[in-house]
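Colleague: return a 3D structure for these sequence lines:
(one chain, ligands or ions: 1)
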Amino acid sequence: MSQALIRRAEARDAETLSRLSAETFSATFAHLYPPADLAAFLDEAYAVERSRGHLADPATATWLMEEDGAAVGYALAGPCGLPHPEVTPGCGELKRIYLLPAFQGGGRGSRLLRTSLDWLEAEKTGDLWIGVWSENLGAQRLYERMGFEKVGEYAFKVGAALDHEFILRRRR
Ligand SMILES: CC(C)(COP(=O)(O)OP(=O)(O)OC[C@H]1O[C@@H](n2cnc3c(N)ncnc32)[C@H](O)[C@@H]1OP(=O)(O)O)[C@@H](O)C(=O)NCCC(=O)NCCS
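Modeller: All right, here's what the predicted structure looks like:
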């Protein structure tokens with residue numbers, strides 16, 4: 001088990017978060033999109049202003065995972081924004097969980113996921129939800145082990161490209 005430290009991200013972490021978000025998304029998914037679509041998505045989704053907004057929002061929480069003082073991963077959780085008819089205002093969503101490639105597969109992601117789910121369980125009154133790319137089988141296995149099951153599908157926009165995503169739910 002790694003000695004990585006998990007801590008809640010604060011306002012001063014906005015730049016680090018945006019940089020890490022773009023780097024980890026690109027490392028995971030860049031090969032799937034035309035460069036212009038990827039660039040448009042990264043600019044919009046991971047702008048520093050967006051990170052500042054998440055960090056200032058009390059309904060949302062971000063964690064950084066640090067190893068030897070450097071950020072190697074993060075998770076973002078908050079109100080559920082997934083398009084499913086049974087989502088209610090009290091529902092929570094794990095919105096993102098990413099580690100840099102060199103730090104994957106060593107148990108760190110499971111720890112980060114547990115931290116996020118514990119917070120969601122404590123803060124939200126409804127069920128917990130996750131959206132995951134239909135072909136991300138590794139992440140789906142991890143979520144399944146944590147009690148999530150597939151209850152729907154939707155399309156996620158990356159630039160002009162549309163991804164096929166699964167909607168997962170864990171009931172209370
Ligand atoms: C998903 C992720 C956070 C899991 O963290 P991790 O530290 O690699 O995972 P752990 O070592 O705790 O292993 C738990 C499970 O995660 C899954 N997993 C492992 N490596 C993975 C990878 N590279 N991509 C996706 N899932 C992975 C597997 O189900 C693994 O269990 P298994 O070894 O029994 O198959 C991490 O692998 C990652 O950042 N992947 C790329 C980004 C991503 O896919 N994020 C999820 C988007 S919804």
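Colleague: relative to the ligand, which residue of the protein is the closest?
Modeller: The ligand sits closest to G109 of the chain, with a gap of 1.6 Å, by Cβ to the nearest ligand atom. Where C-beta positions appear, they are placed from N, C-alpha and C, glycine not excepted.
Colleague: what helix or strand does that residue sit in?
Modeller: Taking DSSP states H and E as the criterion, G109 maps to helix 108-123.
Colleague: average model confidence for stretch 43-55?
Modeller: Mean per-residue pLDDT for stretch 43-55: 97.
Colleague: beta-bridge partners for the most centrally placed residue in the chain, please?
Modeller: What sits nearest the mean C-alpha location of the chain, by Cα atoms, centre = their mean, is R96, with 0.4 Å. R96 has these beta-bridge partners by DSSP bridges: L76.
Colleague: contacting residues for it?
Modeller: Shown in contact with R96 (Cβ atoms under 8 Å, 6 or more residues apart in numbering): S21, Y74, A75, L76.
Colleague: can you tell me which two in those are farthest apart?
Modeller: Among the contacts of R96, the pair separated by the greatest distance (Cβ to Cβ) is S21 and A75, at 11.0 Å.
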